[in-house]
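Chemist: turn this into a model:
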Amino acid sequence: MLFKMINKFLNIVLVICIGNWTFFNTVSKNEIIHSIKVFHKGISLTESVDCNLIEVQNEYQQPIEYYMDVESVVCGDNHCKVDFVRIFWDIFGQYKRFELPDKVKLEKAEGKDFTAEDYEKLNSILHDENSSLKDVYKHEIVSTVGTEGIDALSGSTILLEKSAYVKGAVWTCYSLWHWVHGDIKQIIRNITGKSQSIKSLQSYLSSNKKVKKLFGLEQLNHRKDYSEKSVQLVVSAIEQSSTLLKPSLLYLENAPNKVYINTIQKLLKQFESENRLFCLQHLLKTKQKLPLEFYYKLSDLYKDFTYQEIHVLLKILNTKYDISPQMINHLLPLLNHNDFLIARRLYWFLQKQDLLQEQESRIQTFYLEWKDKL
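Modeler: Now for the predicted structure:
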């Protein structure tokens, strides 16, 4: 019954987002209204909410920040005081700050105003995109009368660390955090991306800031731009920071097949073991179609592969291809590898393949030499 009351209340106070942008003042000439639909975890997992997102532009009609006015929730019962909060994001959808109307103060349990420390903590919470608030559902936050006040967590089930909320204002923290870090972030990124030229998006890849590189990658992928220049910039970005490898592979996954093959081959030849392994694991899962000849051309690298890399390579060959005699010839030198585990792994792999007579002879020789360790 308590959960039903909480759910009903939250749906009432949070469901209306559209129109809130007029609460503070009218929209300026340099502001653009975007009518959007977003999901809020505290409202519904299946029904979206209509909202107005405001884009603030500079004199060149380029976005410089975004804001949206939303309702705050102070507690989990029908005695709550609801205030409007204006949330600001940068052009990449990263939280910047929040503002309140003049003479409005947020309240917590028992009608107490937020202190300066509370506001500072709330701001810090909203900056934390990995807050434990992320994984909590509204029905898991139980309103009780206890040491935390009526807007508190159940004493029997502690789901959040105290650092994740302001004492006596867990609903406010929960509600605002999910406005800040919900669908709105990607919506903002896409609006910003649409305002940029391909040249501008490419320039982000040359930035020394990871957030800009990631944005450039994402939006070039969104625009389906796999031009030679863009791909070269992506490769250069990976060379400068291997942390960009994963998002770069997501970008390349959607590239034309020839572009994908040539770029992956280039990356594998210049990478050290850890990044090579990541690429091989990607090749195991990719939906791109690679000819078996792709792996012929990599054979000069096999002698430098670690056991883990060889294991993934053989798994790729076993699950995606009919192994040709030529491919087996490229693998056979590994029977003489200094790492016996690699040689043994290949031996058992070859045992299951259709081999030519001379290939059979090679593995028989290996067996006679190492049969006590197989």
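
Chemist: only C-alpha atoms from now on, for both contacts and neighbour counts.
Modeler: Will do.

Chemist: give me the number of residues near I238?
Modeler: Other residues lying near I238 total 20 when counted by other Cα atoms under 10 Å.

Chemist: where does the stretch 101-250 of the chain dip in pLDDT?
Modeler: Within the stretch 101-250 of the chain, the segments meeting pLDDT under 70 span 142-159.

Chemist: so where do the helices sit in it?
Modeler: In order along the chain, the stretch 101-250 of the chain carries the following helices (DSSP state H, counting those that start in this stretch): 116-127, 170-180, 184-194, 198-205, 210-222, 228-240, 245-253.

Chemist: distance to L301 added to these, as a markdown table?
Modeler: Output for those, formatted as a markdown table (distance: least, Cα to Cα, whole Å):
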| stretch | distance to L301 |
| --- | --- |
| helix 116-127 | 44 |
| helix 170-180 | 47 |
| helix 184-194 | 39 |
| helix 198-205 | 29 |
| helix 210-222 | 28 |
| helix 228-240 | 19 |
| helix 245-253 | 20 |
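
Chemist: just say which of these is most tucked in.
Modeler: Among these, helix 170-180 has the highest mean neighbour count (mean count of other Cα atoms under 10 Å), at a mean of 24.

Chemist: now do that one and helix 116-127, the angle between them.
Modeler: Computed by axes from the mean of the first three to the mean of the last three Cα atoms, to 10 degrees, the angle separating helix 170-180 from helix 116-127 equals 40 degrees.

Chemist: who are the packing partners of helix 170-180?
Modeler: helix 116-127 (3 or more Cα pairs under 8 Å, 6 or more residues apart in numbering; DSSP states H and E).

Chemist: CA atoms of the helix it packs on as CSV?
Modeler: In CSV, the C-alpha atoms belonging to helix 116-127 read as follows (Å, rounded to 0.1, in the frame of the first residue of the first chain):
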residue,chain,number,x,y,z
ALA,A,116,24.6,26.2,2.1
GLU,A,117,26.3,22.9,2.7
ASP,A,118,23.2,21.1,1.5
TYR,A,119,23.1,23.0,-1.8
GLU,A,120,26.8,22.3,-2.2
LYS,A,121,26.3,18.6,-1.6
LEU,A,122,23.3,18.5,-4.0
ASN,A,123,25.4,20.2,-6.7
SER,A,124,28.2,17.6,-6.1
ILE,A,125,25.6,14.8,-6.3
LEU,A,126,24.3,16.0,-9.6
HIS,A,127,27.8,16.2,-11.0
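
Chemist: show the backbone phi and psi for D69.
Modeler: Reported as degrees, to the nearest 10, the phi and psi values for D69 are phi -100, psi 130.

Chemist: wait, isn't it in contact with F88?
Modeler: No. Contact criterion Cα atoms under 8 Å: D69 and F88 do not qualify, at 9.0 Å.

Chemist: tell me which of the two has more neighbours.
Modeler: Applying other Cα under 10 Å to D69 and F88 shows that D69 carries more neighbours, namely 26 against 21.

Chemist: which outside residues touch stretch 115-128?
Modeler: With Cα atoms under 8 Å, 6 or more residues apart in numbering as the contact definition, stretch 115-128 has outside contacts at 95-98, 131, 163-166, 173, 176-177, 180.

Chemist: let's see 10 Å
Modeler: 87, 94-98, 105-108, 114, 131-134, 163-167, 169, 172-174, 176-181 (Cα atoms under 10 Å, 6 or more residues apart in numbering).

Chemist: filter these down to the buried ones, PyMOL style.
Modeler: This is how PyMOL selects the buried members of the contacts of stretch 115-128, with burial counted by 16 or more other Cα atoms under 10 Å:
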select buried, resi 87+94+95+96+97+98+105+106+107+108+114+131+132+133+164+165+166+167+169+172+173+174+176+177+178+179+180+181
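
Chemist: center of this protein, which residue is that?
Modeler: P247 (8.7 Å; Cα atoms, centre = their mean).

Chemist: now do that one against L374, distance only.
Modeler: With distances taken as Cα to Cα, to the nearest Å, P247 is found 40 Å from L374.

Chemist: repeat that for K138.
Modeler: Plainly put, K138 is 56 Å away from L374 if you go by Cα to Cα.

Chemist: cool, and I54?
Modeler: Where L374 is concerned, I54 sits at a distance of 68 Å (Cα to Cα).

Chemist: cheers, nothing more for now.
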